[in-house]
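# just a sequence and a predicted model for now, questions to come.
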Amino acid sequence: MTLFWKLTPKTLLCAAVGMLVSACGQATLPPGLVYCSEGNPESFNPQVVTSGTTIDATSHQLYSRLVNYDVEKGDITPGLATDWYISNDGLNYTFNLRHNVQFHHTDFFKPQRAFNADDVLFSFERIINKQHPYHFVSRTGYPFFQSIGFESLISSIEKVNEYQIVFKLNRKDASFLSNLATDFAIILSREYADQLLIEGEPEKIDLQPIGTGPFQLNQYVKNEFIRYTKNPQYWLGDIDIEHLVFDITPKSTSRLAKLITGDCSVSALPKAGELAIIDQHSHIKVDAKPGLNVAFWALNTQKPPLNNISVRRALAHAIDKQNILDVVYNDIAVEATGILPPTSWAYSNNLPANNYDPAKAKNLLDKAGVKDLVINLWAMPVARIYNPNALKTAELIQADLANVGVKVNIITYDWSIFTQKLVSEDYDSVLIGWNADNSDPDNFFTPLLSCSALESNNNRSKWCQKDFDHLLTLAQNTTNRADRKSYYQAAEAILSDQVPLIPIAHAEKVLLKRNNITSMQVRPYGGIAFAKIKHNAQQGNQ
Amino acid sequence: MWRYFFRRVNLFFATTLVMMAVLFYATHQFPVDESYALSGISNPSAEQLEHISDEFKLNSNSVVQFLAYVEQRFSGNMGMSINSQQPVFEELKTVLPASFELSLVAGLIALFLGVPIGVIAALSSNKFVQWSILGLTLTGYSIPVFWLGLTLSLWFGVNLGWLPISGQINLLYQIKPITGFMLIDTLLSDSSYRIPAFVDALMHLILPAITLAVLPFTLIVRITRQAMLQVMNQTYIRAAEARGLHTFTIIIKHALPNAMIPVLKSIGIMLGTFACYGIIVEVIFSWPGVGSWLVSGIYQRDYTVIQAGILSVSLLIIFLSILIEFIHTAINPMSKKELYATN
């Protein structure tokens, strides 16, 4: 027992020294960058998902695309394809491919050859060809490609030579190049796929990724972190960041805390109220840009009572969007009248919106003869760019609808279970949204509300209307912007009239970063990219 | 003494068996398929299904099933985590040391600060010192741990920016787990960033450890004080004083060892609460230990993780309580006397 007494001064001394070290010592960190991400990726292949979390963790870090989107100009720029030309009838797209692009060199895969047309062929054949050995390796299908009807669009993909490939389409599609530039259209390695087939483990292609991107996967521990190291042979030249770590931190407040204390350098998706705290910390910068996204309340149009159009119209008039903007978004968003955000070129502000009018809502419900309406409202448990706090939004909607005599039950699950159940279970309505993958307006319509989206379970309203689909096809068939704009406006008018969903807001995309991070830009659409980030060496705890 | 020892070991096995029975029963109440709740394999193939039913004897009666369940769980077959599809046992091996590290440091802080302060409170003739120590410990004892954790992180993390408040280490340091104790592993690693990594791990430990230490600290202070007051009135202390021994020697040699006995007992009683506080602290500070692992398992309906988490935490508490009780009896002459009188 005497031991206790004797040790005490020593312990105190140790503690004191510890505090001293903490106060004056600048911790030296290994070169690299920590990004506080909000959740676990479902897969390491963006082809097989639509979730933004997975896109962030994979698309621009591990892979490259044939063509890219220039954030500044909104133009298609070369990626793995150096140039391309389109035949006069708009049906053949020929791509010339880049030479000497190397795939990741890892412990489990040593590439013998550089990237070539076989890899492009493999990456897209996998999606469109049901006989392909890799087609059914994905258990979730290819939701983005299914939702835009990619399979029926492509007649064939032909390899001309090692470095030239032709995509032959069945019909004209003005959004084709834009779709190839999305985060989903990444290029996999054919050689790696062949190796995995021989090893008998094809499912590894989506879990142990090999790509041509700026980083390669080092280690992934679910719920904890993803570690990347830089790809020394990256085709776009040297990268500033040696190590990239995604610190998986689902709680928004924890992400903020880690940013303030220096455990991470970049973070996204702050809750509205947290921006005020950030203002007090001069070493943290907020980057906000109007995003190409929309948060909406999708109504299941196949299930009573929401199959009744009057009920849907009534709900649209019953919710106070301005209140939601104030409370949930803290005014870093604009009210949505239609599904297209104001930053899209096809947007028009003279749309007949379903404005807030509880009396009219009540009237509509009375006329429809609906009484004691009870609906289930599914709300996402996680913050998304388009909706930082869906549960809060759901509560506000609950209160609004109580005013017109409609009872709302809010249902929520953990994110991965939530997305699974959305596919398998019969919900009444769901609060969800869409973050655009490219700046083409088609990206807001076809993947979300077309009949083909219904088949791929991406159509949360379970709504399919011939006139609407026809308008979308017309818009795809022409490259004339004025015509396309009028088609999309007509489509918006149908949405406003039929109310398969109620658009709520277009949020600004907010990125938080410590001020030693330079040249990082917010991309208005798609996932986050770290390849071009520069950060200066000054590190430490403060 | 041996007889007492075996009785305690018996008690340990009996309690464990009861706990396993409760867990076994609860597992069958999960609203999912039996084989899924036991193995964590979603959509098992026919072979896997057969294997699972073979392992857990699902076709036999419930007694055989229970025995198979106990056998599987104690041989390390905890199934797969439903959420991460990793073997639960492997995950347990990484989260348990993290929790041990935190509780050990918190426990040591409480002990090494609590005992001397308790002695000072007992012996000081200064009313102000006495009352302020008592007042402070009562305040510490009454503060809810979640509030304390949040307040400390708000002050030292967010407002002052002195200490990190989330996680175990900055993730840029790539530390290979050897012992599982981050502080030791950083020193053992061969990276050139060894020392900064150690300092960083230490910084991450300070706030959670202090938060967790407050409850045992206050308890230890109060009980030490009470025990010391009692001991100091004993005749043998007066005899020692009469022999002219130095007060310091009296405290260290004669008073403190006797005063420690009730402290030890109260530590044993406190274990359950301490574990519960540990879970809360881990969640607040995102400490990657068994507590936050269990809580996220609960949120994600990860049935195998829930079972393994409850199993390991309760097993630990049962084991440690019985161990402490045994030590208490072994070093306490009074209870020895009681034992020999009754046995």
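Everything's here; your move.
# what's the local residue count around residue 28?
No chain was given, so I picked chain A. Residues within reach of residue A:28, counting by other CB atoms under 10 Å in any protein chain shown, total 15. (Each C-beta comes from the backbone N, C-alpha and C, glycine too.)
# hm, I was asking about chain B
13.
# quick one: contacts for the closest residue to chain B within the stretch 101-250 of chain A?
Among the residues of the stretch 101-250 of chain A, residue A:222 lies closest to chain B, at 3.8 Å counting by CB to the nearest CB. If you count contacts by CB atoms under 8 Å, 6 or more residues apart in numbering or on different chains, residue A:222 has them with A:40, A:248, B:83-84, B:86.
# spatially, which two of those are the most separated?
With CB to CB as the measure, no two of the contacts of residue A:222 lie farther apart than A:248 and B:86, at 14.7 Å.
# which of these two has more neighbours?
residue A:248 (23 against 15).
# specify the beta-bridge partners of that one.
Legend: beta-bridge partners of residue A:248 under DSSP bridges are residue A:37.
# now the strands for the stretch 401-542 of chain A?
A:407-411, A:429-435, A:501-514, A:517-518, A:534-535 (DSSP state E, counting those that start in this stretch).
# out of those strands, which is closest to residue A:447?
Comparing the strands of the stretch 401-542 of chain A by CB to CB, strand A:429-435 comes nearest, at 7.5 Å.
# run through the residues of the stretch 151-300 of chain B sitting next to chain A.
B:153, B:157-158, B:161-167, B:170-174, B:191, B:193, B:196, B:199-200, B:202-203, B:206, B:252-253, B:256-257, B:260, B:286, B:288, B:296, B:299-300 (CB under 8 Å from any CB of the partner chain).
# 7 Å - rerun?
Applying CB under 7 Å from any CB of the partner chain, one finds that the stretch 151-300 of chain B approaches chain A through B:153, B:157-158, B:161-167, B:170-173, B:193, B:196, B:199-200, B:202-203, B:252, B:256-257, B:260, B:286, B:288, B:296, B:299-300.
# which ones among these are found in strands?
Assigned to strands by DSSP state E, none of those qualify.
# can you flag the buried ones in the residues you listed?
Taking 16 or more other CB atoms under 10 Å in any protein chain shown as the criterion, what is buried in these is B:153, B:157-158, B:162-167, B:170-173, B:193, B:196, B:199-200, B:202-203, B:252, B:256, B:260, B:286, B:288, B:296, B:300.
# for the strand or helix carrying residue A:400, give the mean pLDDT please.
Here residue A:400, judged by DSSP states H and E, is contained in helix A:390-403. For helix A:390-403, the mean per-residue pLDDT is 90.
# that one to strand A:407-411, inter-axis angle?
Using axes from the mean of the first three to the mean of the last three CA atoms, to 10 degrees, the inter-axis angle of helix A:390-403 relative to strand A:407-411 is 170 degrees.
# for helix A:390-403, which positions count as buried?
Those would be A:390-398, A:400-401, for helix A:390-403 by 16+ other CB under 10 Å.
# do the same with stretch B:222-235
Here stretch B:222-235 shows B:222-228, B:231-232 as buried, counting by 16+ other CB under 10 Å.
# kindly report the same for stretch B:7-16.
For stretch B:7-16, by 16+ other CB under 10 Å, it's B:12, B:15-16.
# stretch B:48-55 too?
Buried-residue list, stretch B:48-55, by 16+ other CB under 10 Å: B:49, B:52-53, B:55.
# residue nearest the centroid of chain B?
residue B:275 (4.7 Å; CA atoms, centre = their mean).
# other SSEs contacting the helix or strand hosting that residue?
Element membership for residue B:275, per DSSP H and E: helix B:256-284. Packing contacts for helix B:256-284, counted by 3 or more CB pairs under 7 Å, 6 or more residues apart in numbering or on different chains; DSSP states H and E, involve helix B:88-123, helix B:145-152, helix B:194-232, helix B:290-299, helix B:303-331.
# buried residues, the last one. List them.
Put plainly, it is helix B:303-331. By neighbour count with 16+ other CB under 10 Å, helix B:303-331 contains the buried residues B:303-318, B:320-322, B:324-326, B:328-329.
# close to chain A, is that helix?
No - in terms of CB under 7 Å from any CB, no part of helix B:303-331 sits within range of chain A; the closest distance is 9.4 Å.
# and that helix, what does it pack onto?
helix B:2-29, helix B:88-123, helix B:256-284, helix B:290-299, helix B:333-342.
# where's that helix relative to the chain centroid, distance-wise?
Mean-position distance between helix B:303-331 and its chain equals 9 Å (CA atoms, centre = their mean, to the nearest Å).
# average pLDDT for it?
89.
# can you check stretch A:301-310 too?
The predicted confidence, averaged over stretch A:301-310, sits at 85.
# identify all contacting residues around stretch A:146-158.
Identification of contacts with stretch A:146-158 by CB atoms under 7 Å, 6 or more residues apart in numbering or on different chains yields A:121, A:124-125, A:127-128, A:165-171, A:173, A:179, A:446-447, A:452-453, A:455-456, A:458.
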